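Undergrad: next comes the sequence, and after it the predicted model I'd like to discuss.
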There are 2 protein chains.
Amino acid sequence: MANLPAMVSLKHFLVLSLALNVSLILRMVYEGDQQGSNNNNNKMEGYNRIIGKSRLAISSITSFANSTRKDRSGIMDKVINLDHGDPTMYEQFWRQMGDKTTIIIPGWQSMSYFSDPTSICWFLEPEFAKEVVRLHNVVGNAVTQGRHIVVGTGSSQLILAALYALSSHDSDKPISVVSAVPYYSSYPSMTDYQKSGLYKWGGDAESFDKDEPYIELVTSPNNPDGYIRKSIVNRNQGLLVHDLAYYWPQYTPISSATDYDLTLFTVSKSTGHAGMRIGWALVKDREVAKKMTKFIELNTIGVSKDSQLRAAKVLKTVSDCEEEKSENGVESFFKYSYRMMEQRWKLLREAVDSGDLFSLPKFSSAFCTFLNQESETQPAFAWLKCEGDIEDCESFLRGHKILTRGGKQFGASSKYVRISMLDTNDNFMHLIDRLSTIQTKQQQ
Amino acid sequence: MANLPAMVSLKHFLVLSLALNVSLILRMVYEGDQQGSNNNNNKMEGYNRIIGKSRLAISSITSFANSTRKDRSGIMDKVINLDHGDPTMYEQFWRQMGDKTTIIIPGWQSMSYFSDPTSICWFLEPEFAKEVVRLHNVVGNAVTQGRHIVVGTGSSQLILAALYALSSHDSDKPISVVSAVPYYSSYPSMTDYQKSGLYKWGGDAESFDKDEPYIELVTSPNNPDGYIRKSIVNRNQGLLVHDLAYYWPQYTPISSATDYDLTLFTVSKSTGHAGMRIGWALVKDREVAKKMTKFIELNTIGVSKDSQLRAAKVLKTVSDCEEEKSENGVESFFKYSYRMMEQRWKLLREAVDSGDLFSLPKFSSAFCTFLNQESETQPAFAWLKCEGDIEDCESFLRGHKILTRGGKQFGASSKYVRISMLDTNDNFMHLIDRLSTIQTKQQQ
């Protein structure tokens, strides 16, 4: 109890300092924009609006900093659930877009199972396929030429479809499915929950040494740690699935258009529309695309047309804006999101660096062909390490009412946790405050 | 060639006679309605509109009959695909409803994976759940009290979820999944495509004699033959899944509210919105509902929110109308659909009865608690038998450019085929014409 006044003032100081930093960051971003777009008044107007909205978006920080500890006593008791990668951060952007992505579906529309009976993927809405190709061309993150598009109920269904399509149906034993540690926590359970005789979880790709066919799941940027990855097993009989859910400019510099055999994307992480459950695969081999389609036919007889049409509208709006085909003053989704992620990562790094309890991965910046500038890696998840003698980081944080996903679920050490960076502003600011408070307490 | 004039006139005569019959049927329905609803002007007005629209719906018959053989030469070459149960018949009704079931979804809506984190089925939209319960109460076809609702990407996903939830995950061998012949043609492939170690297709329920646990899939009314079914294995260790996709008043008399452990429904066959991919399960046991939810989490991380919201609006409109809460003049969906099916079955039976080549199942009428009258069984599929020496009915009809699904796919004889009764008016009328023509030719 004797330490309380000192603790409160230290914590206040930290939070105020964070707020000051955010103002500085915003000013830098603002001035950078002004310098870079003097010749384009329309664009500038758009940027000004973004900044205006970004100020709005993080207004919670300053009001948070101005509140007293007493005001926040309830907040400090609140459980912050950042276990899932629920992309609710993006809601604010789409609200600000008003009715530009509103969709109207009459009751008689999309009655049939079929979207295009002549297509390999007969339940793929042509409008959605068109906008997928267009968006990849606009962003430059994937080659679409010579690819078959297969739509899925989220990319989860497409991972299963890919395992089904790539495994041998005549083989006596299941093919091994591997991924390098730390891997996406759902890969083992997704692979094994059906006890399939076609494929079987084989664990860490680093230690896979069997001289037999295998499927390697390559997530790049990686979930949970954000690093760019290449396949690592690298043997003759390897089949690769590239899960590129996070290969978008707000999370990582776009270095080139990927050109793999089988690549997966999802609207959940690109535009933040997780509730739509829409993902897509770009597939080089026609027979693989046919088998993936067959899987989805047997699994769910296709994919919601309503969500495909809605996704098409959202992707179209994003591309229209980038190609400056939309009305004046419409923000670039990726530039707005890049700044949101930039702010959040600066705040998180400052909170983490204010003590010795935690550490974060370090990334170097690189040139982004989409943003046409040197840009940062700012992943959708923070792969936080508890330093010192805290062996179970998940339990430690749970003790402070922060729910995260422990490292063991990713095949890694329990000293690590994965924290979603895509939650609401309120939850994110609570996280920053809570992490700062934990470290402040520790130092006393 | 010498027979041509005789053949043409015979065929014309038959088609004209069918058109006459339709007029008589419509007149009977119309007069029946007039007698039954003299006291209710609003209702009568609604019925008149239905009839008016039904006349419109089958106007293709008379124009078809009035056309010459020359006009129809192109039509006779057309391939009629009735292999799938694509419910496009219903589009006309929903078009006539105008904007009553139109849904508007703003771009910022349904961003999150979650619909109700406190619910067992955390991705179930509360509005959809509410309308499911209400519709069952209105129609009286299923008990919802004490049931957990699990939403699925169509009922296909729910069948798989049920197999996953009911099988033992610790057992060394997969549980047998059985269904009585003729069973839904997709059951064997849906059960076995993953080569699951949890469950395995066990074939015809009639011949299942193992003294071990089993799952019996009971489809009632049955797909493909339309008969009402009960479980038939009837042993201690049996687990039952009731697939009641067709237990709606347009297809079969509603005799009572079903009260089973695990029951499946889908909008594809109830309201005709197959493109939505929305089904639901009513589940008595909490643990089974939790496991089914887990399956869908691992399979697709939930179900499209857009389609759930759209389905909620459609079901609400159907119930509003039945409870006379909607504006005057809005038709009863089920009464309209009942008449559509009634007309189609009368036309089909007449076409089939005009010769000796084909036969259809016979059903007796029964009292329908929903329609409050004696009503007919008029299934969503015709289970047609080729008589005489035609051993492969599917090939025989394919020779006449009618695509159907052969009996062997349902575990039955190749003398049978399943024909969709839910296709567009045009395709249905082509079927009637084609079947009549085949029999006319045969008689010459």
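TA: Received, thanks. Residues are numbered from 1 along each chain as shown, chains lettered A, B, ... in the order given.

Undergrad: only C-alpha atoms from now on, for both contacts and neighbour counts.
TA: OK.

Undergrad: tell me which element residue A:248 is part of?
TA: Assigned by DSSP states H and E, residue A:248 falls within no helix or strand.

Undergrad: ok now do it, which residues does it touch?
TA: A:139, A:141, A:254, A:270 (C-alpha atoms under 8 Å, 6 or more residues apart in numbering or on different chains).

Undergrad: now it: how far from residue A:283?
TA: 19 Å (C-alpha to C-alpha, to the nearest Å).

Undergrad: what's the answer for residue A:385, then?
TA: 37 Å.

Undergrad: the contacts of residue A:248: which two are farthest apart?
TA: Across the contacts of residue A:248, no pair lies farther apart than A:254 and A:270, at 13.3 Å, counting by C-alpha to C-alpha.

Undergrad: okay, the contacts of residue A:248 in CSV with secondary structure next?
TA: Listed next are the contacts of residue A:248 as CSV, based on DSSP: H, G, I helix; E, B strand; the rest coil:
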residue, secondary structure
A:139, helix
A:141, coil
A:254, coil
A:270, helix
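
Undergrad: only the buried subset of those residues, as a ChimeraX command please.
TA: Typed into ChimeraX, the line below selects the buried ones among the contacts of residue A:248, using 16 or more other C-alpha atoms under 10 Å in any protein chain shown:
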select /A:139,141,254,270
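
Undergrad: what is the nearest of the contacts of residue A:248 to chain B?
TA: Closest approach to chain B among the contacts of residue A:248 (C-alpha to the nearest C-alpha): residue A:270, at 11.8 Å.

Undergrad: verify the stated contact: that closest one with residue A:249.
TA: No. Applying C-alpha atoms under 8 Å, one finds residue A:270 not in contact with residue A:249, separated by 9.2 Å.

Undergrad: which pLDDT value goes with the closest residue to residue A:133 other than its chain neighbours?
TA: Distance criterion C-alpha to C-alpha, 6 or more residues apart in numbering or on different chains; nearest residue to residue A:133, sequence neighbours excluded, is residue A:144 at 6.1 Å. Residue A:144 carries a pLDDT score of 98 in this model.

Undergrad: also the one 5 residues further on?
TA: The predicted local distance difference test score for residue A:149 is 98.

Undergrad: can you classify it by secondary structure?
TA: Quick answer, by three-state DSSP: residue A:149 is strand.

Undergrad: hmm, residue A:179 is touching residue A:204, no?
TA: Yes. Assessed by C-alpha under 8 Å, residue A:179 is found in contact with residue A:204 at 5.3 Å.

Undergrad: between those two, which is the more surrounded one?
TA: Remark: of residue A:179 and residue A:204, residue A:179 carries more neighbours, 26 against 19, as counted by other C-alpha atoms under 10 Å in any protein chain shown.

Undergrad: got the phi/psi numbers for that one?
TA: Main-chain torsions, residue A:179, degrees, to the nearest 10: phi -160, psi 150.

Undergrad: tell me the contacts of the nearest residue to it once chain neighbours are set aside?
TA: Nearest residue to residue A:179 in three dimensions, chain neighbours excluded: residue A:205, at 4.6 Å (C-alpha to C-alpha, 6+ apart). Residues near residue A:205 by C-alpha under 8 Å, 6+ apart: A:178-181, A:216, A:232-233.

Undergrad: what about the stretch 201-350 of chain A, any weak spots by pLDDT?
TA: A:325-330 (pLDDT under 70).

Undergrad: repeat that for 80
TA: By pLDDT under 80, the low-scoring segments of the stretch 201-350 of chain A are A:324-330.

Undergrad: what ranges do the strands span in it?
TA: A:214-219, A:238-243, A:262-266, A:278-283 (DSSP state E, counting those that start in this stretch).

Undergrad: out of the ones you listed, nearest to chain B?
TA: Using C-alpha to the nearest C-alpha, those put strand A:278-283 closest to chain B, at 8.1 Å.

Undergrad: in its sheet, what does the closest one sit against?
TA: Note on strand A:278-283: by DSSP bridges, its sheet partners are strand A:148-153 (antiparallel), strand A:262-266 (antiparallel).

Undergrad: what distance separates that strand from the middle of the whole chain?
TA: 16 Å (C-alpha atoms, centre = their mean, to the nearest Å).

Undergrad: and the next helix or strand past the helix or strand containing residue A:394?
TA: Assigning secondary structure by DSSP H and E places residue A:394 in helix A:393-398. Using DSSP H and E, the helix or strand that follows helix A:393-398 in sequence is strand A:402-403.

Undergrad: and the contacts of that next one?
TA: Outside of strand A:402-403, the residues within contact range by C-alpha under 8 Å, 6+ apart are A:79-83, A:394, A:397, A:431.

Undergrad: ok, now with 7 Å
TA: A:79-83, A:397 (C-alpha atoms under 7 Å, 6 or more residues apart in numbering or on different chains).

Undergrad: reformat those as CSV; add pLDDT, distance to chain B and secondary structure.
TA: CSV is the format used below for the contacts of strand A:402-403 (pLDDT from 0 to 100; distance: C-alpha to the nearest C-alpha, whole Å; DSSP: H, G, I helix; E, B strand; the rest coil):
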residue, pLDDT, distance to chain B, secondary structure
A:79, 95, 14, coil
A:80, 96, 14, strand
A:81, 97, 11, strand
A:82, 98, 13, coil
A:83, 97, 13, coil
A:397, 98, 21, helix
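
Undergrad: please pick the buried ones from those residues.
TA: Buried, going by 16+ other C-alpha under 10 Å: A:80-83, A:397, out of these.

Undergrad: domain map for chain A?
TA: Split into domains by automatic domain parsing, chain A comes to A:1-77, A:126-322.

Undergrad: for stretch A:405-417, what is the average pLDDT?
TA: Stretch A:405-417 comes out at a mean pLDDT of 98.

Undergrad: pull up the distance across that stretch, start to finish.
TA: With C-alpha to C-alpha, one end of stretch A:405-417 sits 5 Å from the other.

Undergrad: mind listing what's buried in it?
TA: Applying 16+ other C-alpha under 10 Å to stretch A:405-417 flags A:405-417 as buried.

Undergrad: can you flag which of those residues belong to helices?
TA: Using DSSP state H, no member of the buried residues of stretch A:405-417 falls in helices.

Undergrad: ok, these vs residue B:226, which is closest?
TA: residue A:409 (48.4 Å).

Undergrad: what is the burial count for the residue nearest to the closest one when sequence neighbours are not counted?
TA: Closest residue to residue A:409 apart from its sequence neighbours, by C-alpha to C-alpha, 6+ apart: residue A:185 at 5.2 Å. Using other C-alpha under 10 Å, residue A:185 is surrounded by 20 other residues.

Undergrad: residue A:185 touches residue A:407, doesn't it?
TA: No. Using C-alpha atoms under 7 Å, residue A:185 is not in contact with residue A:407; the gap is 8.8 Å.

Undergrad: which residues in the stretch 301-444 of chain A form helices?
TA: In the stretch 301-444 of chain A, the segments counted as helices under DSSP state H, counting those that start in this stretch are A:305-322, A:333-353, A:393-398, A:425-443.

Undergrad: check these for me and report the most buried one.
TA: The highest average neighbour count among the helices of the stretch 301-444 of chain A, using mean count of other C-alpha atoms under 10 Å in any protein chain shown, belongs to helix A:305-322 at a mean of 23.

Undergrad: so which elements touch it?
TA: Counting contacts by 3 or more C-alpha pairs under 7 Å, 6 or more residues apart in numbering or on different chains; DSSP states H and E, helix A:305-322 is packed against helix A:126-139, helix B:305-322.

Undergrad: go again using 8 Å as the cut-off
TA: In terms of contacts (3 or more C-alpha pairs under 8 Å, 6 or more residues apart in numbering or on different chains; DSSP states H and E), helix A:305-322 is packed against strand A:103-105, helix A:126-139, strand A:278-283, helix B:305-322.
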